[in-house]
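Participant: mind looking at a prediction? Sequence and model below.
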Amino acid sequence: MNSDGPKSGKKRREIRAKLVKKLTSDEDGSGKLVKDNNKSLKRGREGKSDVDEPLIKKPASTTPLVTQIAKTSDSYLSKTRFDQFPLSPLTLKGIEDAGFKTMTVVQEATLPLILQGKDILAKAKTGTGKTVAFLLPSIEAVIKAPPASRDNRHPPIIVLVVCPTRELACQAAAEANILLKYHPSIGVQVVIGGTKLPTEQRRLQKSPCQILVATPGRLKDHIDNTSGFATRLMGVKVLVLDEADHLLDMGFRREIERIIAAVPKQRQTFLFSATVSDEVRQICHVALKRDHEFVNCVQEGAGETHQKVSQMYMIASLDRHFSLLYGLLKKHITDNVGYKVIIFCTTAMVTRLVADLLGKLSLNVREIHSRKPQSYRTRVSDEFRKSKSIILVTSDVSARGVDYPDVSLVVQMGLPSDREQYIHRLGRTGRKGKEGEGVLLLAPWEEYFLSSVKDLPITKSSLPPIDHEAVKKVQKGLIQVEMTNKEAAYQAWLGYYKSQKKIARDTTRLVELANEFSRSMGLSIPPAIPVNILGKMGLKNVPGIRVAPGFDKKPAKRNYRSR
Ligand SMILES: Nc1ncnc2c1ncn2[C@@H]1O[C@H](COP(=O)(O)OP(=O)(O)OP(=O)(O)O)[C@@H](O)[C@H]1O
């Protein structure tokens, strides 16, 4: 066992990055990370599931929801030490090695309640240590669970953590492995899809684990198709729904219902989120005990974002967006030696276009979106985490939970899907009490979005005078961008804004705006769109649209709204 003393934040991040990489890149995902627990496994108790209960109920007005407002100082760290709580000495050793000195505010607020056996709904700002907050008591629950016998064919899973994305699941599992450094008999595994189901099934069989971190879709697949898996879930004592609101707005409600039905009623449940929507409150009524506590570490309004992150918005016609972005980046790079920028775009294909353009402008740029294979996403994510002087162009797959240190600027191009998404994207900077900057770049007809964030400290920035040199460079760069990227971006752009009710109401206007976007890419004649896609979008015969005849098969692969 290695005991090389307390780790610096950098060292810890490096270890975690390695673990994340390993968790996603291993063919069978097992590697050496998943500890072989066969020696200490025993049959879990057969709990009763709440399968026959109606799962989603309207919030019952009689159900108490105890609200606890935790300290809301701007510092994310509290003065409380971990050893002030009854945590096992080996866990405390792991925490020390991880380099954590005092608890974060959300950890301090939730741990005592969880150790008392309470269910909790916790709301805390982005980047304030929610993962450790639910992992620590989860580890303690495993330690307290009776050891499983060696000959148990279906060793129980004690802790089930559900995360909305593969990246977050791997990140949580990697963080768990850091905290488990001195608990060699406790195993962690991830089931996240991206690999074939049988590969994961073999891994689950070969290296049993007490802590399972999963994305909802793949977890449901295992419940339905993996022999003995449902029995193993009957051992669950702790269920964690991480980024609960995102789980729901990604459309995982049915999967969540199924998961809740598959674990015993007698359990502790934690819901963690940076934002708490009405839907989350509804899930609380199903997932949490009636006497659960709501731990709110966030003041409404301005308190939802970090004071140290300056927020600005710019309103400019679409034809100026690319050159404004370029100017913004050039200035930021000059002013910040070790700059690290994230640019959020509306869809995967617009992301690819912007990344392509910035590459042509000789900026050090990487891209992440749903159209890239998982192994590529993991590699780029790892590189961005470790690097300085780098720009990541991404879709919303990187909006939530992903922990990149030292991001100096977040740019959001075009309409964020809603207020919550704006807050989560902005939350990629200003993590762990650091400073940061956020810029939202909108067209005049997108200005209505600002009413949903008017309580946040976001101020209008005047537009810089037109930099003709920059404009010329951008135009040249756009000429070099591949035509297929422009075509796909145009189609994706239309798909995205078609889903925005306010804009899509008038389809003729929508197409006019799309054609404006086309011109901003240097295409005076907009790309033609396959007739079947137009049919799906409800845009057939809209003036201004160009139809690609006899193109029915090929574009079926193109999901015009994918992130
Ligand atoms: N007590 C602590 N002291 C110092 N650093 C900590 C502590 N607890 C967690 N961290 C570190 O803080 C960083 C942010 O934590 P984490 O990613 O869990 O934030 P989060 O609140 O889940 O953010 P998001 O809402 O964006 O998902 C991580 O690098 C984590 O290792």
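Facilitator: Arrived safely, thanks for sending. If you're wondering where the values come from, they're calculated on a predicted model, not measured in any experiment. Numbering: from 1, shown residues only.

Participant: please count neighbours and contacts with C-alpha atoms only from this point.
Facilitator: Will do.

Participant: for residue 514, what are its contacts?
Facilitator: If you count contacts by C-alpha atoms under 8 Å, 6 or more residues apart in numbering, residue 514 has them with 490, 493, 494.

Participant: and it, how far from the ligand?
Facilitator: 32 Å (C-alpha to the nearest ligand atom, to the nearest Å).

Participant: element containing that residue, please.
Facilitator: Residue 514 is located in helix 507-520, with elements delineated by DSSP states H and E.

Participant: now swap in residue 266 and tell me
Facilitator: Using DSSP H and E, residue 266 falls outside every helix and strand.

Participant: list phi and psi for the closest residue to residue 421 other than its chain neighbours.
Facilitator: Among residues not flanking residue 421 along the chain, residue 399 sits closest, at 7.1 Å (C-alpha to C-alpha, 6 or more residues apart in numbering). When quoted as degrees, to the nearest 10, the phi and psi of residue 399 stand at phi -80, psi -30.

Participant: touching, residue 399 and residue 420? I think so.
Facilitator: No. Between residue 399 and residue 420 there is no contact under C-alpha atoms under 8 Å: 10.2 Å.

Participant: rewinding a little: taking the contacts of residue 514 one by one, which sit in helices?
Facilitator: Residues from the contacts of residue 514 lying in helices, with DSSP state H as the criterion: 490, 493, 494.

Participant: and those residues as JSON lines, adding neighbour count, distance to the ligand and pLDDT?
Facilitator: Supplementary listing: the ones in helices among the contacts of residue 514 in JSON lines, determined by neighbours: other C-alpha atoms under 10 Å; distance: C-alpha to the nearest ligand atom, whole Å; pLDDT from 0 to 100:
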{"residue": "490", "neighbour count": "26", "distance to the ligand": "31", "pLDDT": "97"}
{"residue": "493", "neighbour count": "24", "distance to the ligand": "27", "pLDDT": "96"}
{"residue": "494", "neighbour count": "23", "distance to the ligand": "29", "pLDDT": "95"}
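
Participant: which residues outside stretch 340-353 are in contact with it?
Facilitator: Contacts of stretch 340-353 from elsewhere in the structure, counted by C-alpha under 8 Å, 6+ apart, are 367-371, 388-396, 399, 406-416, 425, 481, 485-486, 488-490, 492-493, 496, 561-563.

Participant: filter these down to the buried ones.
Facilitator: A residue is treated as buried here by neighbour count (16 or more other C-alpha atoms under 10 Å); on that basis the buried members of the contacts of stretch 340-353 are 367-370, 388, 390-396, 399, 406-416, 425, 481, 485-486, 488-490, 492-493, 496, 561-563.

Participant: residue contacts, the residue nearest to residue 421?
Facilitator: Residue 399 sits in contact with 344, 421, 424, 425, 428, where contact means C-alpha under 8 Å, 6+ apart.

Participant: likewise for residue 525?
Facilitator: Contacts were defined as C-alpha under 8 Å, 6+ apart; by that measure residue 525 touches 515, 518, 519.

Participant: one more: residue 440?
Facilitator: Here residue 440 is in contact with 311, 312, 313, 314, 411, 412, 413, 414 (C-alpha under 8 Å, 6+ apart).

Participant: helix, strand or coil for it?
Facilitator: Reducing the assignment at residue 440 to three states with DSSP: H, G, I helix; E, B strand; the rest coil gives strand.

Participant: so what's the predicted local confidence for it?
Facilitator: Predicted confidence (pLDDT) at residue 440: the value is 98.

Participant: again, but for residue 552
Facilitator: As summarised for this prediction, residue 552 has a pLDDT of 46.
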